[in-house]
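In: Quick one: sequence plus predicted model below, questions after.
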Amino acid sequence: MHFADALTAKIKESSPVCVGLDPEQSELPEGIEKSAAGVKRFLEGIIDAVKNTASCVKPQLAYFEVLGWEGMKVFWEVCAYAKKQNLIVIADGKRNDIGTTCEAYAEAYLHKDSPVDALTVSPYLGSDGINPFIERCAKNDKGIFILVKTSNPSSGEIQDLPVGDEVVHEHVAQLVESWGMHHLGKTNLSCVGAVAGATYPEEMKYLRTLMPHIPFLIPGYGAQGGTAVDVKHGFIPDGTGTVVNASRSIIFASKGKDWKEAAAKATLRMAREIKEALK
């Protein structure tokens, strides 16, 4: 099934909540060993806790890479486990390059049998660094989320620079819409998505008008300060077209033995808050 259609169906079935899997070792709860095996046990427990409420999980590659080859083995095992639980898996690697290197990144994460459904990518190198990913998406029913307006405080140092009558992130948004228009699913949404931070709700409102056919991945909810009212601007009128990510506020909702129950409750609470804001 086309990525955007699968994403829409999953959001309707569950919620727009995406749980970020950021297993920072110093934050692991009581009873979980600080090792690759501990990280695997923790994340599989989190997946079990959130799978009935969340639509997606977003493993952040940095936390697996820091554990060396064992961490990367755990990354793929965790992605496969999440897929078995019927969750959409978004690998957060912000990959980008050109030529055969870009082809290799695209093939590594978005090949036909990969448990990864979508990958975050950077547009800084232009279409040379994007097309190989889009080709895999179209061929293998995968997706990408291109960085447009990120949630971090210094994002404006580059993303808000004026370019003629607009700013850089608005220009990138128009490129993303043009790249995505050739790959629409039955939902009229593309397999090409955009990252737009919850911490910039006014910008997000305008970005949605620039990218009507683009699924949004919204980081910055919860610990970074984004709220349900902030993120509602990213949704299309039927309440789909967007997934909202929270990481620390869910996976580290408790450091005690009740960490699974706390994660489940935090996910449910977030889903309810978003549903209420969309009314």
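Out: Received, thanks.
In: What are the boundaries of the helices in the stretch 101-250 of the chain?
Out: Counting by DSSP state H, counting those that start in this stretch, the stretch 101-250 of the chain has helices at residues 131-140, 156-159, 168-180, 201-210, 228-231, 248-251.
In: Correct me if wrong: residue 127 contacts residue 179.
Out: Yes: between residue 127 and residue 179 a contact is recorded at 7.1 Å, counting by C-beta atoms under 8 Å. Backbone N, C-alpha and C define where each C-beta goes, glycine included.
In: of those two, who's got more company?
Out: residue 179 (20 against 12; other C-beta atoms under 10 Å).
In: for this structure, which helix is longest?
Out: In terms of residue count, the longest helix belonging to the chain (DSSP state H) is helix 259-278.
In: tell me the most buried of the helices of the stretch 101-250 of the chain?
Out: Comparing the helices of the stretch 101-250 of the chain by mean neighbour count (mean count of other C-beta atoms under 10 Å), helix 248-251 ranks first with a mean of 23.
In: For that one, name the packing helices and strands.
Out: Here helix 248-251 touches strand 17-21, helix 36-50, helix 259-278, going by 3 or more C-beta pairs under 8 Å, 6 or more residues apart in numbering; DSSP states H and E.
In: Could the C-alpha coordinates of it be exported in PDB?
Out: Only the C-alpha atoms of helix 248-251 are listed here, as PDB (Å, rounded to 0.1, in the frame of the first residue of the first chain):
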ATOM      1  CA  ARG A 248      11.100  11.800  26.500                       C
ATOM      2  CA  SER A 249       7.700  12.700  27.900                       C
ATOM      3  CA  ILE A 250       6.400   9.200  27.000                       C
ATOM      4  CA  ILE A 251       9.300   6.800  27.200                       C
END
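In: and that helix, average pLDDT?
Out: Rounded to a whole number, the mean pLDDT of helix 248-251 is 95.
In: repeat for stretch 102-109
Out: Taken as a whole, stretch 102-109 has a mean pLDDT of 97.
In: What are the buried residues along it?
Out: Neighbour-count burial for stretch 102-109, counted by 16 or more other C-beta atoms under 10 Å, picks out 102-103, 105-106, 109.
In: could the helices and strands packed on helix 248-251 go into a markdown table alongside mean pLDDT and distance to residue 95?
Out: Formatted as a markdown table, those follow (pLDDT from 0 to 100; distance: least, C-beta to C-beta, whole Å):
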| stretch | mean pLDDT | distance to residue 95 |
| --- | --- | --- |
| strand 17-21 | 98 | 17 |
| helix 36-50 | 97 | 21 |
| helix 259-278 | 96 | 27 |
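In: Out of those, which is closest to residue 159?
Out: Minimum separation from residue 159 across the helices and strands packed on helix 248-251 (C-beta to C-beta) falls at strand 17-21, 20.9 Å.
In: So which elements touch the closest one?
Out: Judged by 3+ C-beta pairs under 8 Å, 6+ apart, the packing partners of strand 17-21 are helix 36-50, strand 56-59, strand 242-246, helix 248-251, helix 259-278.
In: Please identify the deepest-packed of these.
Out: For the helices and strands packed on strand 17-21, the largest average neighbour count (mean count of other C-beta under 10 Å) is found in strand 242-246, namely a mean of 28.
In: Now the residue of the chain most remote from its centre. Its backbone dihedrals?
Out: Of all residues in the chain, residue 164 has its C-alpha farthest from the mean position, at 30.5 Å, by C-alpha atoms, centre = their mean. Main-chain dihedrals, residue 164, degrees, to the nearest 10: phi 60, psi -130.
In: any idea how far it is from residue 176?
Out: Residue 164 sits 18 Å away from residue 176 when distances are taken as C-beta to C-beta, to the nearest Å.
In: Next, the contact list for the residue farthest from the centre of the chain, please.
Out: Residues in contact with residue 164 (C-beta atoms under 8 Å, 6 or more residues apart in numbering): none are found.
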